[in-house]
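A.B. asks: Let's see this in three dimensions:
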Amino acid sequence: MRKILLPALIIIGASLLLIRVFYLQIVDDSFKLKSDNNAIKIKYDYPERGYIYDRNGVLLVANQPSYDIMVIPKELKNTDTLEFCQLLNITKDDFIKKIEKAKVYSPRLPSVFLAQLNKTEFAAFQEKIRKFEGFYFQKRSLRDYEVNYGANIFGFITQANEKLIAKNSYYKSGDLIGKQGVEESYEEILRGVKGVKYFQKDKFNREIGSFKEGKYDTIAVQGEDINLTIDAALQKYGEELMINKRGGIVAIEPKTGEILALVTAPSYDPGILVGRQRSKNYTKLYRDSIAKPLYDRGLLAEYPPGSPFKILTGLVGLQEEVVEEETTFMCNHGFAYARGRFQRCHCGGGVRDLHVGIYKSCNAYFSNVYLRTIAKYKKPAYAVDVWSNHVKSFGLGQFMGYDLPTGKKGNIPTSKTYKKIYPNGGWRGTTIISNAIGQGEVLMTPIQLANMMSAVANQGYYYTPHIIKKIKGEKIDTKFTTKHVTTIDKKYFPPMISGLFDVYNKGTAYALRVEGIDICGKTGTAENFAKIDGLRTKLQDHSIFVAFAPKDNPKIAIAILVENGGFGSTIAGPIASLMIEKYLRKKISRTDLETRVLNISLQGRYAKLGGLSEEIKKELRTKDSILKSKTKAPIIKIDSIKAKT
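C.D. replies: Got it, this is the predicted structure:
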């Protein structure tokens, strides 16, 4: 048997090799196609990208024809550079640079010489293109934006870079690819499939017909259309309300996790990133390091959540059974703790239970709840991890898994956090009490805030937020239809929702009510510090508001953050009421709120932040010195934290 095994293996191996060689040389001549590359010209037929619609079928993004001037450097002959440059309105220096760049890519393969000419720009050149050997045109389609909003949602189209081309064989020099937004997330679905045609060339490098009678040719397949979860009217309205402000708005349908609006401010008209001016316009947007129009604040900006975080403080306290709904604490216009330190509160003072604590936004009540939560266990480190796990079950402190290509985790501190800050130990509940009211080390993005409110509206569960509603001929990812359940029992949500409802009825959002709509909400104001000339400086607070409506069977959950906007009820709160009414009724009855918000401009505040005068800097240094004299701890403490209502 052993004598037969080795010869058998050799015979089988040799047979397989002979069969493979026969197949490659006789049956499959695709390698011959590659070897004959110098005698073959390849032309690509680029498909239209799929159209983009909103949740109601409103067309948002279509296509328009465009033309790229292509060049094969080795085929250039006797080019009249002056005439060529005049036709395309470029300089001779530009011409030389583009040719050199094409040579670096490949002397024999086509490169894009000038991209994205429209019909008018291309018309004059088309008449004389035969005079310029080595040049030809490639027809493509560019995006045609039907709306002037939603740029952060759509993203944009740009040329594939060399690194990507080397990594992904589908893309060639000059090919277009989606960047940012849904154009990037759903690139493979939207782009379609290129068609390829092979042409035989003679010894004079002239086309003499189709290679192998089109045996290897393929036709282009148009990209699939997609429907987004976005409500176009709501998105447009949100961007209008945020004019002359900075911040983000995120609205979600609680029962599905579908994103109804994703607003970042300031933004830009997506149409400016189309055509020959795209690169120039993108550079301007990119270099604006002050307003940051390319920075999606709804997904990327991490802020202290302020008072809306009290919702979670209360729910965790109930779940851990350190308080009951009827448990009361006394508020003496604030809360005294740890060696005479005092946390101020503007709720008016008095006896506070959960219900009153929420609608009056009492710092003292929720600080007591938090201290009891930490004190329940012998070791503060273990207690903080228990608290942290509850909070994280709402999708916080982690990447959320939504279908957009950018995002931030935010921060929910754990025992590891404080081990780094206090390597020698000695910390306890009073040391980190600022967490109770959404300050300290707690950071959240607007989409996380909106998702938190979705979970509260659903009384304990949420679906991963997503922006895709329908793909023609395909199903959406199952992760967007998978329910996530929090660690808080359902029975603890009704008392919290009752308190949030009274925020509008008799609490901090009383003036923001909309007749006939039962809204549950929470105002918030988060302290805002920045380093200016190396100094930790207190700046104007951020205005925050979270809400859902209606109270029963909620259809929208929303989070608004306006940078340097002040109290939550001044700017963010009115925006929430307006957005909710716009979505539920398609019209606005609170025109007083609408007029107020549209007329508010914070550009003056932002201008000061962007270029502070020496006088202002001197004033800030004085304030910083006072703050340092009061706070000795190495991290932000709440000695100076004002009431956040």
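
A.B. asks: ok so Phe548 is a helix residue?
C.D. replies: No. Assigned with DSSP: H, G, I helix; E, B strand; the rest coil, Phe548 falls outside any helix and is strand.

A.B. asks: Which helix or strand contains Lys97?
C.D. replies: Taking DSSP states H and E as the definition, Lys97 sits inside helix 92-105.

A.B. asks: Against which helices or strands is that helix packed?
C.D. replies: Here helix 92-105 touches strand 59-71, helix 81-88, strand 111-117, going by 3 or more CB pairs under 8 Å, 6 or more residues apart in numbering; DSSP states H and E. Yep, even glycine has a C-beta here, placed from its N, CA and C like the rest.

A.B. asks: Show me what it is in contact with.
C.D. replies: 71, 73, 76, 81-82, 84-85, 111, 113-114, 162, 173 (CB atoms under 8 Å, 6 or more residues apart in numbering).

A.B. asks: When you compare pLDDT across those, which one is lowest?
C.D. replies: Ranked by pLDDT, the contacts of helix 92-105 bottom out at Ser173 (77).

A.B. asks: Wasn't it part of a helix?
C.D. replies: No. Looking at Ser173 with three-state DSSP, it is coil, so not inside a helix.

A.B. asks: OK, contacts around it?
C.D. replies: 105-106, 109-112, 160, 162, 165.

A.B. asks: Please, which helix or strand holds the spatially most central residue of the chain?
C.D. replies: Central residue of the chain (CA atoms, centre = their mean): Leu299, 3.9 Å from the mean position. Per DSSP H and E, Leu299 falls inside helix 297-300.

A.B. asks: now for that helix, which elements pack on it?
C.D. replies: On a contact count with 3+ CB pairs under 8 Å, 6+ apart, helix 297-300 meets strand 247-253, strand 258-265, helix 446-457.

A.B. asks: Could you list the buried residues of the helix or strand that comes right after that helix?
C.D. replies: Later in the chain than helix 297-300, the nearest helix or strand by DSSP H and E is helix 310-319. Buried residues in helix 310-319, counted by 16 or more other CB atoms under 10 Å: 310-319.

A.B. asks: rewinding a little: what sits up against the helix holding Leu299?
C.D. replies: With CB under 8 Å, 6+ apart, helix 297-300 has contacts from 152, 246-250, 262-265, 404, 406-408, 445-447, 561, 563.

A.B. asks: where does the chain have low pLDDT?
C.D. replies: Applying pLDDT under 70 to the chain flags residues 1-3, 5-6, 8, 20-39, 202-209, 213-214, 337-340, 529-538, 609-645.

A.B. asks: and Arg140, that's in a helix?
C.D. replies: No. The assignment for Arg140, made by three-state DSSP, is strand rather than a helix.

A.B. asks: start at 56 instead
C.D. replies: In the new count, where the first residue is 56, that last one comes out as Arg195.

A.B. asks: what's the neighbour count on it?
C.D. replies: 24 (other CB atoms under 10 Å).

A.B. asks: wait, it sits on Arg246?
C.D. replies: No. Checked against CB atoms under 8 Å, the pair Arg195 and Arg246 is beyond contact range at 11.5 Å.

A.B. asks: my read: Leu349 touches Leu340, true?
C.D. replies: Yes. Using CB under 8 Å, Leu349 is in contact with Leu340, at 5.2 Å.

A.B. asks: Look up how far Val276 lies from Gly465.
C.D. replies: When distance is defined by CB to CB, to the nearest Å, Gly465 is 40 Å away from Val276.

A.B. asks: higher neighbour count, those two?
C.D. replies: Gly465 (22 against 14).

A.B. asks: can you give me the strands for the stretch 406-555 of the chain?
C.D. replies: 516-518, 523-526, 538-540 (DSSP state E, counting those that start in this stretch).

A.B. asks: looking at those strands, which is closest to Pro120?
C.D. replies: Closest to Pro120 of the strands of the stretch 406-555 of the chain, according to CB to CB: strand 523-526, at 25.2 Å.

A.B. asks: Show me what counts as buried in that closest one.
C.D. replies: Buried-residue list, strand 523-526, by 16+ other CB under 10 Å: 523-526.

A.B. asks: Quick one, which of the contacts of helix 147-160 are buried?
C.D. replies: 126, 128, 131, 139-140, 166, 168-169, 228.

A.B. asks: Reformat those residues into JSON lines and put distance to Asn513 next to each item.
C.D. replies: Formatted as JSON lines, the buried ones among the contacts of helix 147-160 follow (distance: CB to CB, whole Å):
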{"residue": "Val126", "distance to Asn513": "58"}
{"residue": "Pro128", "distance to Asn513": "61"}
{"residue": "Leu131", "distance to Asn513": "65"}
{"residue": "Phe139", "distance to Asn513": "64"}
{"residue": "Cys140", "distance to Asn513": "63"}
{"residue": "Ser166", "distance to Asn513": "54"}
{"residue": "Phe168", "distance to Asn513": "55"}
{"residue": "Leu169", "distance to Asn513": "53"}
{"residue": "Ser228", "distance to Asn513": "49"}
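
A.B. asks: can you pull the contacts of the nearest residue to Leu409 once chain neighbours are set aside?
C.D. replies: The shortest distance from Leu409 to any non-neighbouring residue, by CB to CB, 6 or more residues apart in numbering, is to Glu380 (5.2 Å). With contact set as CB under 8 Å, 6+ apart, Glu380 has these partners: 373, 408-410, 550.

A.B. asks: Tell me the most packed of the residues you listed, by neighbour count.
C.D. replies: The contacts of Glu380, ranked by neighbours (other CB under 10 Å): first place Leu409, 26 neighbours.

A.B. asks: my read: it touches Val378, true?
C.D. replies: Yes. Assessed by CB under 8 Å, Leu409 is found in contact with Val378 at 7.3 Å.

A.B. asks: Quick one: neighbours of Lys546, just the number.
C.D. replies: Neighbour tally, Lys546, other CB under 10 Å: 11.

A.B. asks: Please report the distance of it from Glu379.
C.D. replies: 12 Å.

A.B. asks: and Gly621, what does it touch?
C.D. replies: So Gly621 contacts 580, 595-596, 598 (CB under 8 Å, 6+ apart).

A.B. asks: Kindly reformat these as a markdown table containing neighbour count, distance to Ile626 and secondary structure.
C.D. replies: Below are those laid out as a markdown table (neighbours: other CB atoms under 10 Å; distance: CB to CB, whole Å; DSSP: H, G, I helix; E, B strand; the rest coil):
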| residue | neighbour count | distance to Ile626 | secondary structure |
| --- | --- | --- | --- |
| Thr580 | 27 | 11 | strand |
| Gln595 | 16 | 11 | strand |
| Asp596 | 21 | 11 | strand |
| Ser598 | 29 | 5 | strand |
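
A.B. asks: of the residues you listed, closest to Ala662?
C.D. replies: Nearest to Ala662, judged by CB to CB, of the contacts of Gly621 is Gln595 at 12.5 Å.

A.B. asks: mind checking how far that closest one is from Thr580?
C.D. replies: 10 Å.

A.B. asks: sorry, back to before: reformat the helices and strands packed on helix 352-355 as CSV; add mean neighbour count.
C.D. replies: Shown next, in CSV, are those (neighbours: other CB atoms under 10 Å):
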stretch, mean neighbour count
strand 302-308, 28
strand 313-320, 26
helix 501-512, 28
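
A.B. asks: Noted, bye for now.
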